[in-house]
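Student: Sequence first, predicted model second:
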Amino acid sequence: MDLSIIDKILLIFKYFFSSFLGIEILLIGVLLLVFLILNIKRNVLIVKISIPIILIIIMLFISGGFHNYVMESIDACIKFIMNYYYFPSMALYYILSLIVVIVLIVTLLNDKIDIIKKYINYIFLSLFFILFLGVISYIINNNIELVLDYSIYENDLVLSFIQISNFIFFIWLLITCFWYLYKYFKKKFD
């Protein structure tokens, strides 16, 4: 498919305006956007409650109507996670490292983050970054070719570095999710 970005946008607009269903989808999306934008200044409780309910109903409708597609998507997602766990990729590992650097910078510059959360971020993300630097220095010192996909699987140390780093990142992500859930419910019930 050799289309320019303008052609792709025109093709999408043509789809939305070619059928009644497309127009309905566009109207629902625009209405949700308008309600969300208007609610920024007004902060109406009914909008805060109704928008998530509407989105959940839409997702349930899609899940019910396209059960096979939803199950295949969940299956593909689980396979991707398991595949990455058993056969890690240096490209995804590098992306995780960029995320770690960005989160460390945001943690450093953001004064609204609690002191305890800052300590948690600094400890876990520094450990991850140290392991990342360790694996990169090992790869450089031993002239390991990362162009070949199987080269990281042949070296136990590189694989160990990546898997332990991923485990640390996953634990940090889990703690962060529970931290924000805790803060949300604490604010909600105080």
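Tutor: Yep, it's here. Residues are numbered from 1 along each chain as shown.
Student: So, low pLDDT: which residues of the protein?
Tutor: 1, 84-88, 146-151 (pLDDT under 70).
Student: can you list contacts of stretch 103-116?
Tutor: Lys117, Lys118, Asn121, Tyr122, Leu125, Ser126, Phe129, Lys183 (C-beta atoms under 8 Å, 6 or more residues apart in numbering). Using the backbone N, CA and C atoms, a C-beta is placed for each residue, glycine as well.
Student: hmm, 7 Å instead?
Tutor: Lys118, Asn121, Tyr122, Leu125 (C-beta atoms under 7 Å, 6 or more residues apart in numbering).
Student: for that stretch, how far is the first residue from the last?
Tutor: 15 Å (C-alpha to C-alpha, to the nearest Å).
Student: and it, which residues are buried?
Tutor: Judged by neighbour count using 16 or more other C-beta atoms under 10 Å, the buried positions of stretch 103-116 are Val103, Leu104, Thr107.
Student: rewinding a little: could you give me the ChimeraX selection string for whichever of the contacts of stretch 103-116 are buried?
Tutor: Provided next is the ChimeraX selection string for whichever of these are buried by 16+ other C-beta under 10 Å:
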select :121,125
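Student: which among the contacts of stretch 103-116 gets closest to Leu3?
Tutor: Leu125 (40.6 Å; C-beta to C-beta).
Student: Wait, the closest one touches Ile99, no?
Tutor: No: in this structure Leu125 lies outside contact range of Ile99 using C-beta atoms under 7 Å: 9.2 Å.
Student: Turn the buried residues of stretch 103-116 into TSV, columns for secondary structure.
Tutor: Below are the buried residues of stretch 103-116 laid out as TSV (DSSP: H, G, I helix; E, B strand; the rest coil):
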residue	secondary structure
Val103	helix
Leu104	helix
Thr107	helix
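Student: related to what we said a few turns ago, which one of the contacts of stretch 103-116 is nearest to Ile78?
Tutor: Leu125 (26.1 Å).
Student: how much space between the closest one and Ile102?
Tutor: As judged by C-beta to C-beta, to the nearest Å, Leu125 and Ile102 stand 10 Å apart.
Student: Could you do Leu174 as well?
Tutor: Counting by C-beta to C-beta - Leu174 and Ile102 are separated by 19 Å.
Student: what's the answer for Asn39, then?
Tutor: On the measure of C-beta to C-beta, Asn39 and Ile102 end up 29 Å apart.
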